[in-house]
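Asks: sequence and predicted structure, then a few things I'm wondering about:
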Amino acid sequence: KVFGQFLLILCFFGISDQILAQTEIKELQVEPTFERLLKEADTDGDKKITIEDDPKMPFLVPVSEGDSIAIDRIYYLSNLLQELAIARAEEKETLRIDLEQIKEPPSQRISRRIKEQFWDDLTRTIDRKGLRKILKDSKAEDSVQRLYVPATDSAGIRY
């Protein structure tokens, strides 16, 4: 009986990537999952999950249906922590997340995050609203507000 349970556990870990690829977490509780993830997976206490951590694997994430999803890779846990942190900052109680986002390769993940979250802060428009944003740029150390307008841009100079 014990050997059979052990074999079942080995099979479960062997197919955990397939489970992750086919399952969507519905209404994941943000705060308790975030706190538990940091407590159990952030073993060096730096508020991040990196290869420097050595958590007990797999990390079981409870989902709204009463089941759990096994996450068995540090990179996936790090991505989950990031998604939970974003939901927390937005004061969400629950998070609906496609587990493919947890498994995204780094280059695809950062590209998606730029498009979905960071793009508005990375772009500027030169209109009344955009000028205020440009002139209040926190990276400008000088107290004098400056805006470069090419000498050949007569419309820009008039504006």
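Replies: Sure thing, it's come through. Numbers count the residues shown, from 1 in each chain.

Asks: for the protein, longest helix please?
Replies: If you go by DSSP state H, the chain has its longest helix at helix 74-89.

Asks: packing partners of it?
Replies: helix 30-41, strand 94-98, helix 99-103 (3 or more CB pairs under 8 Å, 6 or more residues apart in numbering; DSSP states H and E). The C-beta positions use only the backbone N, C-alpha and C, and glycine is treated the same way.

Asks: mind redoing it with 6 Å?
Replies: helix 30-41, helix 99-103 (3 or more CB pairs under 6 Å, 6 or more residues apart in numbering; DSSP states H and E).

Asks: wait, which of those helices is closest to K115?
Replies: helix 99-103 (12.9 Å; CB to CB).

Asks: helices and strands around the closest one, which ones?
Replies: On a contact count with 3+ CB pairs under 6 Å, 6+ apart, helix 99-103 meets helix 74-89.

Asks: angle of the helix it packs on against strand 94-98?
Replies: For helix 74-89 against strand 94-98, the angle by axes from the mean of the first three to the mean of the last three CA atoms, to 10 degrees is 140 degrees.

Asks: flag every buried residue along helix 74-89.
Replies: Residues of helix 74-89 classed as buried by neighbour count (16 or more other CB atoms under 10 Å): 74-84, 87-88.

Asks: so for that helix, mean pLDDT?
Replies: Averaged over helix 74-89, pLDDT sits at 94.

Asks: test my guess that V30 contacts E91.
Replies: No - contact criterion CB atoms under 6 Å: V30 and E91 do not qualify, at 9.0 Å.

Asks: in terms of neighbours, single out the busier of those two.
Replies: V30 (20 against 7; other CB atoms under 10 Å).

Asks: out of everything not next to it in sequence, what's closest to the more buried one?
Replies: Closest residue in space to V30, ignoring its immediate chain neighbours: A87 at 4.7 Å, by CB to CB, 6 or more residues apart in numbering.

Asks: no further questions, thank you.
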